[in-house]
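Participant: Just the structure for this:
(2 chains)
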2 protein chains.
Amino acid sequence: MKAEIIAVGTEILLGEIVNTNAQYISKRLADLGIFVYHQTVVGDNPKRVKETYEEGFQRAELLIATGGLGPTQDDLTKEIAAEYFQKDLLIDETSLQKIYDYFQIRGLTITEGNKKQALIPEGAKVLPNHHGTAPGCVLEDKGKILVLLPGPPHEMIPMFEQYVVPYLQSFQEEILVSRVLRIAGIGESFVEEKIKDLIKNQTNPTLAPYATQGEVRLRITARSTTEEEGFQLIRPMEEEIRKRLGFHVYGIDGTSLEQEVVQLLQKKQWTISIAESCTGGMVASRLINYPGVSSTFMEGFVTYSNEAKIKRLGVSKQTLEEEGAVSAETAKQMAIGAAKMANTYIGIGITGIAGPSGGTPEKPVGLVYIGLCQGDKVQVKKLQLSGDRETVRKRVTLETLDWLRRILLKNRVDER
Amino acid sequence: MKAEIIAVGTEILLGEIVNTNAQYISKRLADLGIFVYHQTVVGDNPKRVKETYEEGFQRAELLIATGGLGPTQDDLTKEIAAEYFQKDLLIDETSLQKIYDYFQIRGLTITEGNKKQALIPEGAKVLPNHHGTAPGCVLEDKGKILVLLPGPPHEMIPMFEQYVVPYLQSFQEEILVSRVLRIAGIGESFVEEKIKDLIKNQTNPTLAPYATQGEVRLRITARSTTEEEGFQLIRPMEEEIRKRLGFHVYGIDGTSLEQEVVQLLQKKQWTISIAESCTGGMVASRLINYPGVSSTFMEGFVTYSNEAKIKRLGVSKQTLEEEGAVSAETAKQMAIGAAKMANTYIGIGITGIAGPSGGTPEKPVGLVYIGLCQGDKVQVKKLQLSGDRETVRKRVTLETLDWLRRILLKNRVDER
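Facilitator: Down below sits the predicted model:
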């Protein structure tokens, strides 16, 4: 089945609200194996709403419209739907009673506009609204299905889940099963380069890369009759991708990079402390976003000033004078100092020039050193990044977490 | 002028991301006096993208499309645009050089896909991308204008503001002058309640509130023939709003809350240190996002464990045992400890339960204490927040910065 999602509301066209309903419904339809080829937003204008129904039904059998079921004169998706399907609007007594009850409980006086909300096109299936006054409805005629839902997400979502999902499931023979592979330390174009042939030859399962916030994700989606069969279709494709991308695949589905790192730390019972200069607490803050981090994360030091680097971490004054605060040697001493002060197995030290000023020809903006001390070993990594201050800092944070993850993985392999 | 906004991307139709670009562009076009009657989302499919251009140009003169400029085979908005306007795609040398530079700085190898990003339809105006590799472009032919922009908001927004806004303004007889008032410590609905009459009676200038990331912004926009005249129209409205919202207005236009706080700290020559438990470095990280913070920010302590609170900040073991790590007394001792250890005038201590677990009936998830030590005075603020772990932590960060700002302002007033 092909579907389109329509949002009716001038407030969306004015940019006053974001159309999150379209995302929610799209995602749920993808889960159900219903293809969405278009999302449309149209204002509260009778002519344009009608044209949107007409266009939509030329391309799809199922239209799901949100908004325009309210009590005001502007709200007219139901009226236009009745006109499009050539049906009369009749009062639905159950809905009307619910609206009366709603107002009585709140001690409010009902308006004519509210009564209008109980009007339903003849023959339509009513979708009760347990979180507001506007019922939804489903109109079916000659293979065309129009689902009308209220606009506020807290009314729309429960109605969709309780009434629309079971209704749509009854049409589907196949289901869609999907798995997302999460990838770090490699850009979208490189990922694509490595799996170009898989994308090109995709049938079932399908394969789609997307990039968000410096991270690449690959979604493998299979059509099947059971979940088990779906995962059987996904497995060979997943294995092939893992073979090609190796350790760059750090997790699946909802796993975050910080979750993966913290769980690996916990598994190895490694403790960690972090000293940050240019990132200023950003790495610690991301690790702490994963609950339960307290068993491995001992302490963070935000040593932005030279004084703090000396006093808190024992970085040598001579190093700071001779090599500079942004140097491999300083990063090394920060890492060692953090591990020593917090008495941890791993210590990380980050120092760099995030910009926009402070760069020199020898040490340009974007130059960053990450020191990593592990027991009695110390390594330093040099990065040259670009972008504005915030971009550089976020990038360093990602690189640090990914480096740590790979060290954790490497040791796991060694131990086997 | 009538416009339509098109987003190209299968990931939007699958519900993987929300189309926030449509909201941003809609709002800015409304500011510019350009009417948006439709927003459309279409997948990465050549036929459907072309049909979307065709339909769009039947209804509007201006189409603004986001997405599909990336390096992969899926990315084809530019290719289809060239086909629609019957133009060849030619390499834009400046863009190609920028892409080479981008990869060279990072020490990465350029792929064929990346080179493809420098292809521009013949005769199109190139829109440089200062935050990524994909340039945008404007195609104009027989009264039809197609603007192609990259999909990632952090690339799209600066390009739109720097190049598309001035371009679109050239079609308008009047210019639009606007000022954004940035507001903290008060929610959107409260702001709206206080200025309801101003919004209702708006003519010129107009007034529109936006809420983003827990912060409210009010944009005042005047239509005029000169910039000076525009600001003259804006001034009385701005003064009226400032009178009503008082210290909640913390800045204008591009000012960030951290910038305002750091500049106030610098003006007063106050030094600061921060000890963080549940926020885990997030407050320090935000302050450090403002360059030049080093003259006032001395040190940050990420003391997530009790041990670190005792060892690093001198929090009393007895307090932790009797009152708990999340208590007013602990927050107080953390603030005092931070100021003492780092030898600063201001010390801040933050402790709370960010969730999802760890709450009790007496101390539920979302309970947070912020201690603020100023010289020999200490104050504690108790918050009860809701939302998931990340939301609670971000909210605490905002509240901390806003509280600090107000203390800084109050003292400034006292001194006058």
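
Participant: Which stretches in the stretch 51-200 of chain A count as strands?
Facilitator: A:62-66, A:89-91, A:119-121, A:125-127, A:136-141, A:144-149, A:175-183 (DSSP state E, counting those that start in this stretch).

Participant: cool, the stretch 201-350 of chain A as well?
Facilitator: Under DSSP E, counting those that start in this stretch, the stretch 201-350 of chain A gives strands at A:206-212, A:215-224, A:249-252, A:272-276, A:297-302, A:346-352.

Participant: Near chain B, which residues of the stretch 301-416 of chain A are found?
Facilitator: A:301-305, A:307-308, A:312, A:342, A:354-358, A:366, A:384-391, A:393 (Cβ under 8 Å from any Cβ of the partner chain). Any C-beta I mention is one placed from the backbone N, CA and C, and that applies to glycine too.

Participant: What subset of those residues is buried?
Facilitator: Neighbour counting by 16 or more other Cβ atoms under 10 Å in any protein chain shown classes A:301-305, A:308, A:312, A:342, A:354-355, A:358, A:366, A:385-387, A:389, A:391, A:393 among those as buried.

Participant: returning to what we had before: export the strands of the stretch 201-350 of chain A to TSV and append columns for mean pLDDT.
Facilitator: As requested, these are exported to TSV (pLDDT from 0 to 100):
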stretch	mean pLDDT
strand A:206-212	77
strand A:215-224	87
strand A:249-252	94
strand A:272-276	98
strand A:297-302	96
strand A:346-352	98
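
Participant: Make JSON lines out of those and add distance to residue A:73.
Facilitator: Output for those, formatted as JSON lines (distance: least, Cβ to Cβ, whole Å):
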{"stretch": "strand A:206-212", "distance to residue A:73": "41"}
{"stretch": "strand A:215-224", "distance to residue A:73": "43"}
{"stretch": "strand A:249-252", "distance to residue A:73": "50"}
{"stretch": "strand A:272-276", "distance to residue A:73": "57"}
{"stretch": "strand A:297-302", "distance to residue A:73": "57"}
{"stretch": "strand A:346-352", "distance to residue A:73": "59"}
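
Participant: doesn't residue A:177 make contact with residue A:31?
Facilitator: No - using Cβ atoms under 8 Å, residue A:31 makes no contact with residue A:177, being 9.3 Å away.

Participant: And the strands of the stretch 51-200 of chain A, which one averages the lowest pLDDT?
Facilitator: Among the strands of the stretch 51-200 of chain A, strand A:175-183 carries the lowest mean pLDDT, at a mean of 87.

Participant: Near chain B, which residues of the stretch 51-200 of chain A are found?
Facilitator: Residues of the stretch 51-200 of chain A lying near chain B (Cβ under 8 Å from any Cβ): A:55, A:187, A:188, A:189, A:190, A:192, A:193, A:196, A:199, A:200.

Participant: Give the full set of residues in contact with the third one.
Facilitator: Residue A:188 makes contact with A:209, A:210, A:211, A:216, B:70, B:71, B:72, according to Cβ atoms under 8 Å, 6 or more residues apart in numbering or on different chains.

Participant: and the angle from the helix or strand hosting residue A:395 to strand A:346-352?
Facilitator: Per DSSP states H and E, residue A:395 falls inside helix A:389-415. Relative orientation of helix A:389-415 versus strand A:346-352 (axes from the mean of the first three to the mean of the last three Cα atoms, to 10 degrees): 150 degrees.

Participant: Tell me the spacing between residue A:203 and chain B.
Facilitator: 16 Å (Cβ to the nearest Cβ, to the nearest Å).

Participant: quick one: low-confidence ranges for the stretch 301-416 of chain A?
Facilitator: Residue ranges of the stretch 301-416 of chain A with pLDDT under 70: A:411-416.

Participant: just the stretch 51-200 of chain A next, same as before
Facilitator: A:106.

Participant: Where does it get nearest to chain B, residue-wise?
Facilitator: Residue nearest to chain B within the stretch 51-200 of chain A: residue A:189 (4.1 Å; Cβ to the nearest Cβ).

Participant: Chain neighbours aside, what residue packs nearest to residue A:156?
Facilitator: Distance criterion Cβ to Cβ, 6 or more residues apart in numbering or on different chains; nearest residue to residue A:156, sequence neighbours excluded, is residue A:149 at 4.9 Å.

Participant: count of residues packed around the one you found?
Facilitator: For residue A:149, the count of nearby residues is 29 (other Cβ atoms under 10 Å in any protein chain shown).

Participant: Assess the claim that it and residue A:66 are in contact.
Facilitator: Yes - between residue A:149 and residue A:66 there is a contact at 4.8 Å, judged by Cβ under 8 Å.

Participant: Now the common contact residues for those two.
Facilitator: A:21, A:156.

Participant: Tell me how far the closest residue to residue A:310 other than its chain neighbours lies from residue A:330.
Facilitator: On the basis of Cβ to Cβ, 6+ apart, the spatially nearest residue to residue A:310 that is not a chain neighbour turns out to be residue A:317, at 5.8 Å. Applying Cβ to Cβ, to the nearest Å, the value for residue A:317 to residue A:330 is 11 Å.

Participant: the more surrounded of those two?
Facilitator: residue A:330 (25 against 11).

Participant: doesn't residue A:351 make contact with the more buried one?
Facilitator: Yes - the criterion here is Cβ under 8 Å, and residue A:330 meets it with residue A:351 at 5.3 Å.

Participant: shared neighbours of those two, which are they?
Facilitator: residue A:369.

Participant: how about residue A:279, what does it touch?
Facilitator: With Cβ under 8 Å, 6+ apart, residue A:279 has these contacts: A:350, A:352, A:393, A:396, A:397, A:400, B:285, B:288.

Participant: From what I see, the fifth one and residue A:284 are in contact.
Facilitator: No - with contact defined as Cβ under 8 Å, residue A:397 does not reach residue A:284; the gap is 9.6 Å.

Participant: follow-up on the earlier one: tell me how far the residue nearest to residue A:310 lies from residue A:363.
Facilitator: 19 Å.

Participant: tell me the contacts of residue A:354?
Facilitator: Applying Cβ under 8 Å, 6+ apart, the residues contacting residue A:354 are A:278, A:365, A:366, A:389, A:392, A:393, A:396, B:291.

Participant: Apply 10 Å and report the result again.
Facilitator: Residue A:354 sits next to A:277-280, A:365-368, A:385, A:387-393, A:395-396, B:288-289, B:291 when contact means Cβ atoms under 10 Å, 6 or more residues apart in numbering or on different chains.

Participant: And for residue A:287?
Facilitator: With Cβ under 10 Å, 6+ apart, residue A:287 has these contacts: A:257-259, A:261-262, A:265, A:272, A:274, A:293, A:296-297, A:300, A:397, A:400-401, A:404, B:280-281, B:302, B:304.

Participant: Which parts of chain A belong to which domain?
Facilitator: Per automatic domain parsing, the structural domains of chain A span A:2-169, A:175-252, A:257-415.

Participant: For residue A:36, state which of the contacts of residue A:279 is nearest.
Facilitator: residue A:397 (34.4 Å; Cβ to Cβ).

Participant: Hmm, the closest one is touching residue A:283, no?
Facilitator: Yes - Residue A:397 lies in contact with residue A:283 (Cβ atoms under 10 Å); the separation is 5.1 Å.

Participant: if you count what's nearby, which of those two comes out ahead?
Facilitator: Between residue A:397 and residue A:283, counting by other Cβ under 10 Å, residue A:283 is the more crowded of the two (29 against 23).
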